[in-house]
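**Q** A structural model of the following input is requested.
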Amino acid sequence: MTRANLDLPQAPELQATRWFNTTEPPTLAALRGRVVALHAFQMLCPGCVTQGTPQTQRLFDAFDPQDVSVLGLHTVFEHHEVMTPEAPAPHRRLSHPQPGSP
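**A** You can find the predicted model right below:
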């Protein structure tokens, strides 16, 4: 089945004020046709730190970026007072592109 057969709307373009670990911000147009793994995490989440983040880094390391693109999405759903741009950034532990924290 192709997207055309499903008659689905296109996703809106990615929006972020800054990106880490990439020289060019990723765009959906540039990613179209590729496998894209989206890693949603919070840097203070124990499961994210011990399981999700290492697993995503292994995925990034295992594939050529032209075959599988890995994008991180740092979500802030708690501890807003410590989730500032000055907080220890998750991008320092990861190699794949991700938008900046708030």
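**Q** how far off centre is stretch 60-68?
**A** Centroid displacement of stretch 60-68 relative to its chain, using CA atoms, centre = their mean, to the nearest Å, is 14 Å.
**Q** please enumerate the helices of the chain.
**A** 3-6, 28-31, 46-47, 53-62 (DSSP state H).
**Q** so which of those is nearest residue 21?
**A** Closest approach to residue 21 among the helices of the chain (CB to CB): helix 53-62, 9.5 Å. Bear in mind the C-beta positions are built from the backbone N, C-alpha and C, glycine included.
**Q** which strands and helices sit next to that closest one?
**A** Helix 53-62 makes packing contacts with strand 35-41, strand 68-74 when contacts are defined by 3 or more CB pairs under 8 Å, 6 or more residues apart in numbering; DSSP states H and E.
**Q** and those strands: which comes nearest residue 17?
**A** strand 68-74 (12.8 Å).
**Q** so which bits of that closest one are buried?
**A** 69, 70, 71, 72, 74 (16 or more other CB atoms under 10 Å).
**Q** one step back: I'd like to know which of the helices and strands packed on helix 53-62 lies nearest to residue 20.
**A** strand 68-74 (8.3 Å).
**Q** where does the protein have low pLDDT?
**A** Applying pLDDT under 70 to the chain flags residues 1-5, 76-80, 82-94, 96-102.
**Q** and the residue most central in space within the chain, bridged to which residues?
**A** Nearest residue to the geometric centre of the chain (CA atoms, centre = their mean): residue 72, 1.7 Å. Beta-bridge partners of residue 72, counted by DSSP bridges, are residue 39.
**Q** residue 37 is in contact with that one, correct?
**A** No: applying CB atoms under 8 Å, one finds residue 72 not in contact with residue 37, separated by 9.7 Å.
**Q** which residues do these two both contact?
**A** residue 56 (CB atoms under 8 Å, 6 or more residues apart in numbering).
**Q** circling back to that earlier point, can you list the helices and strands packed on helix 53-62 in TSV and add distance to residue 22?
**A** Shown next, in TSV, are those (distance: least, CB to CB, whole Å):
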stretch	distance to residue 22
strand 35-41	14
strand 68-74	9
